[in-house]
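**Q** Dropping a prediction and its sequence here:
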Amino acid sequence: MDDRIVVDSKICSGKPTIRGTRIMVKNILGMVAGGYTMARIIDTYPELTNDDVTAALEYASQVIDEEKVIPRA
């Protein structure tokens, strides 16, 4: 995962992206949340691989695990 996800202030305002693209991790997460399959995500972004999509999901899982979650009132 570490070699596939990039955070660079010059790319997409520092949002996490897939290396070598301007595809943000949040876009992939939004597609998964919207019911897209891995195959459909790759059809939409042919420059991605299964490993890229998996890395985006692993990255999100790692980030949310590190964050302090504050319940909404």
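**A** Sure, I can see it. Residues are numbered from 1 along each chain as shown.
**Q** Show me the shaky parts of this protein.
**A** Applying pLDDT under 70 to the chain flags the ranges 1, 67-70, 73.
**Q** so V7 touches P16, yeah?
**A** Yes - at 5.2 Å, V7 and P16 qualify as touching, with contact defined as CB atoms under 8 Å. To be clear about C-beta, it is placed using only N, CA and C from the backbone, and glycine gets the same treatment.
**Q** quick one: what helix or strand has D51 in it?
**A** helix 50-66 (DSSP states H and E).
**Q** Check which residues of that helix are buried.
**A** 52-53, 55-56, 59-60 (16 or more other CB atoms under 10 Å).
**Q** right, and the pair among these with maximum separation?
**A** For these, the farthest-apart pair by CB to CB is D52 and A60; their separation is 13.1 Å.
**Q** returning to what we had before: what would the buried residues of helix 50-66 look like in JSON lines with distance to I42?
**A** Converted to JSON lines, the buried residues of helix 50-66 look like this (distance: CB to CB, whole Å):
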{"residue": "D52", "distance to I42": "9"}
{"residue": "V53", "distance to I42": "7"}
{"residue": "A55", "distance to I42": "13"}
{"residue": "A56", "distance to I42": "12"}
{"residue": "Y59", "distance to I42": "17"}
{"residue": "A60", "distance to I42": "18"}
